[in-house]
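Novice: sharing a sequence plus its predicted fold:
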Amino acid sequence: MPRAGAAKRLRRDGAAILGLLVLVAALGAALLAPVLSPGDPVKNDLLGRLSPPMWLDGGDRAHPLGTDTLGRDVLSRLLHGARVSLWIGLTAVMMAAILGVPIGLWTGYRGGWPDDLFMRLGEIQLAFPVLLLGIALLAVLGASLVNLILVLGVSGWITYARIVRGETLSLKERGFVEAARALGAPDRYLIFRHILPNVWASIVVVATFSIARVIIAEASLSFLGLGLPPPAPSWGAMLDEGRNYLTTGWWLALFPGLAILLVVLGINLVGDWLRDLLDPRLERGI
Amino acid sequence: MPRFLLRRLLHTLFVVWGVVTAVFFLVRLTGDPTALLVDPSATQAEIAHTRHLLGLDRPWHVQYVDFLFGMLRGDFGQSIQLRRPAMQLVLEHLWPATVELAVAATVLSTLLAIPLGIVAATHQNRAPDHLSRLASLLLQSMPSFWLGLVLILVFAVQLNGLLPAYGAGTWRHLILPAVTLAAAPLAQNVRLLRAGLLDVLPQDYIRTARAKGLPERLILYRHAIWNTAIPFLTVTGLSVGFMLSGAIVIETVFSWPGLGRLIVQAIPGRDFPVIQAGVFVFALIFVLVNLAVDLLYAVVDPRVRLS
Amino acid sequence: MILGKRCGVRSLALLALAIPLCASPAHPAADAEGELIVALPDDTTNMDPRIGMGSIRSTYIRQVYESLVDVDAKGKPVPGLALSWKAVSPLAWEFALRPGVTFHNGEAFNADTVLFNLDRMFRRNLDRWGIKEVPAATSFEKAFPFVTRWEKVNDLTVRIHTSDPSPTLWDFIGREPLVPKDYTIKNGVEAVNDRAVGTGPWKLMEWRRKDSMRLERNSAYWGLQPQFARLRLQVIPEAGARVAALRAGQVGLVDAVPPLDATVLARDPAVKVVSSPQKLHCRLYLNGRPKDTFDSGGRDGLFTDSRVRLALNLAINRDAIIKKVFHGYALANASPVSSVSSGYAAQEPYPYDIARAKAMLAEAGWRDRGRGILEKDGAPLAMQLLFPSKHYGQAFDEVTLAVAEMLKDLGVQVTVRPIDFATLLQTVTKGTLPYDGGFTSCRTSNNLDADDYLRDWTALSLINWAPYPPELLELYKATRRELDPRKRLALLADLQRNVRDWAPVVSLYQEIKIYAHSPRVVNFTPLTELNMDFRGVALTK
């Protein structure tokens, strides 16, 4: 079915382009937040509290999306919030990959007790509701940007370890690896030269989807009151503030939710595309 | 088979032990509940006295051994805040509230996924397919608690109490939280089902069935669907974990009196026995469901080796 | 409470006459068999009053259990399980008990009941009664060590002896809810908590933890009865959901309405909004302890100088907070005592005056050297503001953040550190508050007398971060000794004026509690106390 295939690719590409556009816009917003913001994201103004978006009665052109409970400009907080969300998403995912990939390579290649140990540890962690882990750890460590990234990063290692381990297991039985080993190549050479390059694609795909998950997890933790310390703008924290004003200031909860939705949607679209491009076998798994 | 089963059961026990041990020490790192129990004007001596009454002045290893032996007897201790057996509290909140919510969400996400997945697969790359893909992506991309807030805003606030926004009791209370919790798994199920059907539909036995003149609907719902069961099962096993985690936030948003909310409230209250018992139950459900899925696998598809 | 209004005799505190049953005037269209559903933000953790009483818990506990001293809607003491109380000598108080009162299970209330409860409060004779000790919020034997013994004069009279004069004994003992003696001994202290049996207007039928409590009218109640048969206290944590439930007719009365919603609801003819000042006094506590009284690393608290604390008080725009955040549903109160406590003396408000604040700080050595920050000896005036978010509610959280900005405007280097409430309590309990630390928190009281608030700065405790200087401690001790009510009031007023100027804390606001109810609910009057009272309340059809 060559026609359907072409149509599919085009549609996919279209979706991917849309996703990329959204991501570029979000990155742009994050980088240019200080320039684009109509106001200060932190400075408060009690007298101008809870002003609605400008197209509604009582709205103010100076605050296109209205003001929050302390009179801070919602649009400015959204733009600065993009920095927080993307930064946390990227760094936490990187940390998880840095922890998980070597563990996966090592346990998959060596087998034996390290394999047993880490896989059992992973199972323990999977059986532990992630949010509870986050809540407890943040209660111990205190809520801060670094701790939030630590918690979200460290709790993500098992995803990478499992996938990399699985691929390593099957790769090391393959002809080219066995041949290299028979020729006396050292383990380190085998892992870095023959195995890692072949699992790279899966890692990239998994990492992309993980960014989306981390952004949502960060929002959930902030929503439960364990996010960044105020007055830092974070989408999750903004949602949390807004939920007490559903009847009287709906815009407070609506806009940050939309922002999360858009960014996560963009990441998912790009992730779909990357998956088809790099690693079609993953289709079922994720 | 029996050896496999035994090994898996041992794994399961190990995992549960690991989880409760982790939670035991983790909660103690967060401090202790004594200061929450006394008046603000209480002095050091009064606080120390209360701590002693609660047994929290004993060394951690003593408390831990005590806890393990208690657990073997099914005794998770008394809730510090609510002065009641912790496990009893946990079970009261698990059943019916959390089970009701999780079952409703699972049923909803499965039943709705079937027609949507079929429509998407039979109209591949046409408008209904695109629509269902887009909807799935959207549902998967929003934080579930935000969806909950939007639903409350629409159904409970704008439509003036069409559906209750909080609490449990009647089936009407169940609608909004169940829909919210079902959204993400629904999207995933639709995508899975579509992909599975696209694999199955061109196969010989379906063509044979068509040639025999069986009605299309029968072919789809009788023959094709069952062959997508395996990936479905895997995902269901994993989504139990999601449902439990999701329940923590969703129960908070909708004031659903379930286990998730009990634990979320027990953490700021430093109610160690309740947190321990609650996480134990969560972990047990998770590993048992996954064990059951693995076993079902073997039943559904004998080709799967039990190794 | 309606008692005072309806039954005039009762409002003569201290010497009221025995009127066991107040004629309860039936409302014309009253639904005598109806059920009132009340939405509250949280469940009580305990029913046993010994475990503790607080703003939420009181509403549950006081429906079932009663104390010797009752209150009217204005917060004035009126006879409860005691008909009268008086100091019979400088070192002894006597309570005359109400005759003919029984607990819900039929057990009689008498002097033995009171003695047993005193034993439990002061942790005496627990072995003799064969009951376990419960972890209690207040240790009476430590807070009131001067109470020496108690005795039964006759079946309906109890005498309590003290080693020092104690003008507020009627309050701290009289307000404690009383539990049945035989029932407790027979079923253990767990039963007092799980299956509460009291003398109150409501009998506990079913308690589903964290969900709801169902109560049934006590038809044998000695006082004014509620005009409806069943009461359900329903937990609905989200304020928006509580209001929505009221609008949809699912509940009849809502506790803790957010101020902004109250202004909207007030315009709705289908809803009645009522409010009353509460004892919740919210403040910014500052580390003003000397270095040997906390884990200081050898430095005094940064806020030991009372001029600095007073200056910070002048930098708070309370007017804006009360108008914009609370829409008028809060009070500025410069006295450390709540405006509804007995013994309260209004104090001159702290003006919002940045210039004066800066001048006072300069006097204390803190000057702005052109960088927008106050400095002394090269070190900035910094404050680590520990912020227990999500504990006292949305408005409190907003006020804390607004106050942080106001202090920044003054030139204080504020760092807001959100912290979970339990962790904050640990920090202050262990004395590990940073030397430049502060925290926002609210103080409430289960007692009627001002003493409960003024005692805060005597012994080192969780919230005492600026102990009384010797002259104020002397003044406090004098209020504690004075038995003559008039002289005592004067001493209390003097102490409050001194505390206002000495400024142990930055006073923020005193809460006004808001309730909303359907017009079907008649005669509901909010109390200044922590609890709600449904005696005399009717439900129309």
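Specialist: Thanks, I have it. Residues are numbered from 1 along each chain as shown, chains lettered A, B, ... in the order given.

Novice: just the pLDDT at the closest residue in space to B:L5 that isn't next to it in sequence, thanks.
Specialist: Distances taken as C-beta to C-beta, 6 or more residues apart in numbering or on different chains put B:L295 closest to B:L5, at 7.9 Å, once the chain neighbours are dropped. Just so you know, the C-beta spots here come from the backbone N, C-alpha and C atoms, and that holds for glycine as well. pLDDT recorded at B:L295 is 79.

Novice: go on, A:I98?
Specialist: For A:I98, the model assigns a pLDDT of 94.

Novice: repeat that for A:K8.
Specialist: pLDDT, A:K8: 59.

Novice: next one: the one 5 residues further on
Specialist: In the prediction, the pLDDT value recorded for A:D13 is 70.

Novice: what residues are up against it?
Specialist: Residues in contact with A:D13 (C-beta atoms under 8 Å, 6 or more residues apart in numbering or on different chains) are A:W273.

Novice: can you tell me the element it falls in?
Specialist: Using DSSP states H and E, the element containing A:D13 is helix A:2-36.

Novice: need the pLDDT of C:I316.
Specialist: 97.

Novice: ok, how many other residues are close to the residue of the stretch 151-300 of chain B found nearest chain C?
Specialist: Nearest to chain C in the stretch 151-300 of chain B, going by C-beta to the nearest C-beta, is B:G161, at a distance of 2.8 Å. B:G161 has 16 neighbours, counted by other C-beta atoms under 10 Å in any protein chain shown.

Novice: can you give me the distance of it to C:A39?
Specialist: The gap separating B:G161 from C:A39 is 13 Å, by C-beta to C-beta, to the nearest Å.

Novice: A:A182 now?
Specialist: Taking C-beta to C-beta, one finds A:A182 at 75 Å from C:A39.

Novice: who has more neighbours out of those two?
Specialist: The residue with more neighbours, out of A:A182 and C:A39, is C:A39; 29 against 8, by other C-beta under 10 Å.

Novice: okay, and that one sits in which element?
Specialist: Per DSSP H and E, C:A39 falls inside strand C:35-40.

Novice: can you check C:H161 too?
Specialist: Per DSSP H and E: strand C:157-162 holds C:H161.

Novice: Provide a list of residues in contact with the closest residue to A:H63 other than its chain neighbours.
Specialist: Ranked by C-beta to C-beta, 6+ apart and with sequence neighbours excluded, the top spatial neighbour of A:H63 is A:D73, at 5.0 Å. Contacts of A:D73 were listed using C-beta under 8 Å, 6+ apart, and they are A:37-41, A:62-63, A:65, A:67.

Novice: can you tell me how far B:V235 sits from A:A219?
Specialist: The spacing between B:V235 and A:A219, counted by C-beta to C-beta, is 24 Å.

Novice: neighbour count: those two, which is higher?
Specialist: Each of B:V235 and A:A219 has its neighbours counted (other C-beta under 10 Å); A:A219 has more, 31 against 19.

Novice: what's the spacing between that one and B:W146?
Specialist: Here A:A219 is placed at a distance of 8 Å from B:W146 (C-beta to C-beta).

Novice: what's the overlap in contacts for these two?
Specialist: Overlap of the contact sets of A:A219 and B:W146 (by C-beta under 8 Å, 6+ apart) consists of A:239, A:260.

Novice: and residue 171, how many neighbours?
Specialist: No chain in the question, so chain A it is. A:L171, neighbours per other C-beta under 10 Å, totals 19.

Novice: the intended chain is chain B.
Specialist: There are 9 residues near B:W171, going by other C-beta under 10 Å.

Novice: host element of the closest residue to B:V253 other than its chain neighbours?
Specialist: What sits nearest to B:V253 in space, not counting adjacent residues and going by C-beta to C-beta, 6+ apart, is B:G148, at 4.2 Å. Using DSSP H and E, B:G148 sits within helix B:144-151.

Novice: ok and the residue in the stretch 1-150 of chain A nearest chain B?
Specialist: A:I124 (3.7 Å).

Novice: can you pull the phi/psi pair for that residue?
Specialist: Main-chain torsions, A:I124, degrees, to the nearest 10: phi -60, psi -40.

Novice: ok, it touching B:H11?
Specialist: No - taking contacts as C-beta atoms under 8 Å, A:I124 lies outside contact range of B:H11: 10.5 Å.

Novice: tell me which of the two has more neighbours.
Specialist: Neighbours per residue (other C-beta under 10 Å) separate A:I124 from B:H11, with A:I124 holding more: 21 against 16.

Novice: and that one, what does it touch?
Specialist: By C-beta under 8 Å, 6+ apart, the neighbours of A:I124 are B:15, B:18-19, B:22.

Novice: same for chain A: which of these are within range?
Specialist: For chain A, the contacts drawn from those by C-beta under 8 Å from any C-beta of the partner chain are B:15, B:18-19, B:22.

Novice: ok, of those residues, which one's closest to chain A?
Specialist: Checking those one by one against chain A (C-beta to the nearest C-beta), the nearest turns out to be B:G18, at 3.7 Å.

Novice: about what we covered before: quick one: the residue nearest to B:L5 is in a helix?
Specialist: Yes - under DSSP: H, G, I helix; E, B strand; the rest coil, B:L295 sits within a helix.

Novice: ok, it to B:L9 distance?
Specialist: Using C-beta to C-beta, we find B:L295 at a distance of 11 Å from B:L9.

Novice: tell me which of those two has more neighbours.
Specialist: More crowded of B:L295 and B:L9, by other C-beta under 10 Å: B:L295, with 15 against 12.

Novice: quick check: residues of the stretch 1-150 of chain A near chain C?
Specialist: Near chain C, when you scan the stretch 1-150 of chain A using C-beta under 8 Å from any C-beta, you find A:43-44, A:46-47, A:49-50, A:69-70, A:139, A:142-143.

Novice: if you could redo that for the stretch 1-150 of chain B, that was the one I meant.
Specialist: Near chain C, when you scan the stretch 1-150 of chain B using C-beta under 8 Å from any C-beta, you find B:30-47, B:49-50, B:53-54, B:81-84, B:89, B:92-93.

Novice: now the two most distant members of the contacts of A:I124.
Specialist: B:V15 and B:A22 (10.6 Å; C-beta to C-beta).

Novice: show me which of those two is the more surrounded one.
Specialist: Ranked by neighbour count (other C-beta under 10 Å), B:V15 and B:A22 place B:V15 first, with 24 against 19.

Novice: and the pLDDT for the more buried one?
Specialist: 90.

Novice: what sits closest to it if chain neighbours are left out?
Specialist: B:V15 sits nearest to A:E123 (C-beta to C-beta, 6+ apart), 4.8 Å away.

Novice: okay, now that neighbour: neighbour count?
Specialist: A:E123: 23 neighbours (other C-beta under 10 Å).

Novice: distance of it relative to chain C?
Specialist: Using C-beta to the nearest C-beta, to the nearest Å, A:E123 is found at 29 Å from chain C.

Novice: surely that residue forms part of a helix?
Specialist: Yes - A:E123 forms part of a helix when assessed by three-state DSSP.

Novice: residues contacting it?
Specialist: B:11, B:15, B:18, B:287.

Novice: any chance of these in a markdown table, plus secondary structure?
Specialist: A markdown table is the format used below for the contacts of A:E123 (three-state DSSP):
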| residue | secondary structure |
| --- | --- |
| B:H11 | helix |
| B:V15 | helix |
| B:G18 | helix |
| B:V287 | helix |
